[in-house]
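Q: the sequence and its predicted three-dimensional model are supplied below.
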Amino acid sequence: MASSSEPPPRLVLTPHDSITPSPGPVLVCILDGWGENKNKDEFNAVHSADTPCMDALAEKAPDRYRTVQAHGVAVGLPTNADMGNSEVGHNALGSGQVVDQGARLVDIALETGSMFESDGWRLVAQAFEDRTVHLIGLLSDGGVHSRADQVYKLLRGAAERGAKRIRMHILTDGRDVPDGSSVGFVQQLEGELSGLARDHGVDGKIASGGGRMYVTMDRYEADWGIVKRGWDAHVLGRAPNRFKDAVEAVKTLKGEGASAKSDQWLEPFVIVDEEGSPVGTIEDGDAVVLFNFRADRMVEISKAFEYEEFAAFDRERFPSGLRFVGMMQYDGDLKLPTNYLVPPPLINRVSGQYLVQNGIKTFACSETQKFGHVTFFWNGNRSGYFDEELETYVEIPSDNVPFNQAPDMKAREICEAGKEAMFSGRYQMVRVNFANPDMVGHTGDLQATMRACALVDKCVQELLDVCDEVNGRWLVTADHGNADDMVQRKKTGEALYHGDVPLPLTSHTLAPVPVAVGGKGLPEGVRFRQDLPKAGLANITGTYINLLGFAVPDFYEPSLIENVQEGK
Ligand SMILES: O=C(O)[C@H](O)COP(=O)(O)O
Ligand SMILES: [Mn+2]
Ligand SMILES: [Mn+2]
């Protein structure tokens with residue numbers, strides 16, 4: 001994450017030797033969470049939905065259709081058991097590079113101990129003697145925003161180095177991990193805290209929490225009310241639900257049977273002592289550590305803790321002298337937060353920098369929930385424009401509802417904006433992201449997700465038609481799987497049921513994702529190379545740079561395409 005204050009590198013694109021500049025715009029279309037899963041039963045919403053456009057891309061032009069890896073080490077994650085996600089996926093799509101991502105960098109900082117020698121850690125350590133250390137974040141082993149094993153190592157590191165009083169503020173998951181798993185994670189954390197009391201005499205307690213989609217972890221300013229609920233619970237010790245015990249809190253708020261709430265949406269709670277006082281409000285001089293490594297859902301809460309001037313909601317009390325750190329610096333341009341434990345991935349010379357330095361005009365659009373994906377993540381975790389003259393970013397406001405209740409989301413509006421941008425003749429590159437397969441997929445609602453996939457397929461067809469009409473070239477792909485598997489499975493692949501109800505899968509998948517290229521403006525001889533069977537998302541950057549008519553910068557992963565009728 002470099003800052004825009006660095007002198008910009010001089011980045012020159014050279015013409016491709018056989019693919020001429022595109023006569024019309026190059027459309028890059030991201031279907032968020034649309035995997036190509038080999039398991040094609042009724043729980044694969046991509047497969048089960050009516051998707052004539054994507055089906056035809058695969059069937060009618062097989063040498064212009066393939067899949068690429070979107071998970072694990074191919075996108076900079078620690079292991080191939082790690083599913084892909086929007087952050088690492090869009091980083092790769094926008095930068096043409098595979099970099100070690102947050103999850104891996106934190107693992108390394110814990111293994112080598114460098115985390116405990118960082119300036120950020122020294123700041124936290126100032127609170128060990130006579131103040132409280134608060135840890136706030138997503139409690140699960142999803143590995144998308146955080147990992148419980150890293151949190152436990154962090155806790156032990158603090159205890160071994162003299163922390164005396166620790167309070168945990170936990171967001172329950174059920175989105176990157178199965179719904180219902182949060183009780184187990186809370187029990188596990190309680191076990192860790194008991195171990196710290198036994199081995200190091202640490203007074204450690206869970207102090208507050210709530211579901212990640214309802215408390216604290218908003219993103220892209222979709223709904224600041226979510227962050228306020230978190231502030232009230234974590235800092236002020238105020239929530240509509242008060243319990244003496246965190247396991248009881250999560251079990252009760254979740255409820256049972258048909259009216260059970262998803263872990264993602266639990267109401268905020270605080271833990272109180274025998275007298276009814278909150279056990280862990282955040283006070284002057286305390287240390288606060290946000291333990292998520294991923295940025296998007298930590299930016300707003302970071303602003304609430306860091307900015308003295310702050311208007312998004314009334315904080316009522318702003319503790320003074322806080323020792324506030326993030327697991328990482330979440331926004332390099334804003335330098336937010338100022339203090340952090342692990343330096344974030346450095347993603348330099350991203351495609352957006354190349355495009356503006358070569359005068360290419362770009363249009364990027366999505367709805368709020370994915371807006372930062374096609375801008376901030378795409379640009380290597382940089383907020384703002386590289387060049388406002390050459391770039392137009394359009395955000396369509398998302399609804400604030402569970403998306404199975406509105407599975408169309410803003411697909412139609414995004415489609416219209418993309419068409420208009422192509423018709424306008426103002427842009428050489430138009431990129432859009434459709435949020436539906438991912439956001440509806442995360443609800444675990446199979447029918448709604450099928451509807452979402454069918455609508456997105458229609459929108460893609462409309463965009464491709466317009467792209468052809470204006471003599472453009474197009475590339476359709478996705479950032480990771482999600483909608484392609486909507487059920488939890490046994491190791492053998494069979495669906496798991498509770499009684500006769502299938503157990504929903506709300507998380508992403510390990511599936512590869514489709515890539516299709518085409519367009520009236522594309523030379524006939526362009527097709528996918530056969531020699532890159534293990535290609536991943538980072539290979540797509542060079543591919544759209546070729547579609548624009550340029551050669552791929554040397555240090556980027558190679559392009560997926562070749563022109564077998566050179567000069568035509
Ligand atoms: O934050 C989320 O919504 C999920 O944890 C991951 O989804 P995304 O990576 O597609 O944003
Ligand atoms: Mn995504
Ligand atoms: Mn997702």
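A: Received, thanks. Ligands and ions are numbered 1, 2, ... in the order given.

Q: next, the contact list for the one residue in the stretch 201-350 of the chain that gets nearest to ligand 1, please.
A: Nearest residue of the stretch 201-350 of the chain to ligand 1 (C-beta to the nearest ligand atom) works out as residue 297 at 5.8 Å. Any C-beta I mention is one placed from the backbone N, CA and C, and that applies to glycine too. By C-beta atoms under 8 Å, 6 or more residues apart in numbering, the contact list for residue 297 reads 138, 145, 212, 216, 217, 218, 219.

Q: pull the helix or strand harbouring residue 136 out as PDB, backbone CA atoms only.
A: For residue 136, the host element (DSSP states H and E) is strand 132-138. The C-alpha trace of strand 132-138 is given here as PDB (Å, rounded to 0.1, in the frame of the first residue of the first chain):
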ATOM      1  CA  THR A 132      -6.700  -2.400  29.600                       C
ATOM      2  CA  VAL A 133      -5.800  -3.900  26.200                       C
ATOM      3  CA  HIS A 134      -8.900  -4.200  24.000                       C
ATOM      4  CA  LEU A 135      -9.000  -6.500  21.000                       C
ATOM      5  CA  ILE A 136     -11.800  -5.900  18.400                       C
ATOM      6  CA  GLY A 137     -12.500  -8.000  15.300                       C
ATOM      7  CA  LEU A 138     -14.100 -10.900  13.500                       C
END
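
Q: tell me if that strand is near ligand 1.
A: No: interface with ligand 1: strand 132-138 contributes nothing (C-beta under 6 Å from any ligand atom), its closest point being 8.0 Å away.

Q: buried set for the next helix or strand after that strand?
A: Per DSSP H and E, the first helix or strand lying C-terminal to strand 132-138 is helix 148-160. Along helix 148-160, these residues count as buried under the neighbour rule (16 or more other C-beta atoms under 10 Å): 148, 150, 151, 152, 153, 154, 155, 156, 157, 158, 159.

Q: now do stretch 387-404
A: Residues 387, 390, 391, 392, 393, 394, 395, 396, 398, 402, 403, 404 are the ones in stretch 387-404 that count as buried (16+ other C-beta under 10 Å).

Q: before we move on, back to that, torsion angles phi and psi at the residue of the stretch 201-350 of the chain closest to ligand 1?
A: Main-chain dihedrals, residue 297, degrees, to the nearest 10: phi -90, psi 10.

Q: next to ligand 1, which bits of this structure? Give me the list.
A: 32, 33, 85, 86, 87, 144, 145, 175, 176, 297, 438, 442.

Q: show me how far the helix or strand harbouring the fifth one is from its chain's centre.
A: Per DSSP H and E: residue 87 is located in helix 86-95. Using C-alpha atoms, centre = their mean, to the nearest Å, the distance from the centre of helix 86-95 to the centre of the chain it belongs to is 9 Å.

Q: how about the closest residue to ligand 2 within the chain, what does it touch?
A: Relative to ligand 2, the nearest point of the chain is residue 86 (3.1 Å; C-beta to the ion). With contact set as C-beta under 8 Å, 6+ apart, residue 86 has these partners: 32, 296, 370, 373, 377, 438, 479, 480.

Q: follow-up on the earlier one: give me the subset of the buried residues of stretch 387-404 lying in helices.
A: Taking DSSP state H, every one of those sits outside helices.

Q: which among those residues gets closest to residue 48?
A: Taking C-beta to C-beta as the measure, residue 48 lies nearest residue 404 of the buried residues of stretch 387-404, at 15.6 Å.

Q: wait, the closest one sits on residue 440?
A: Yes: counting by C-beta atoms under 8 Å, residue 404 touches residue 440, with 5.8 Å between them.

Q: residue boundaries of the helices in the stretch 301-450 of the chain?
A: All helices of the stretch 301-450 of the chain, identified by DSSP state H, counting those that start in this stretch, fall at 351-357, 368-372, 411-424, 436-441, 446-469.
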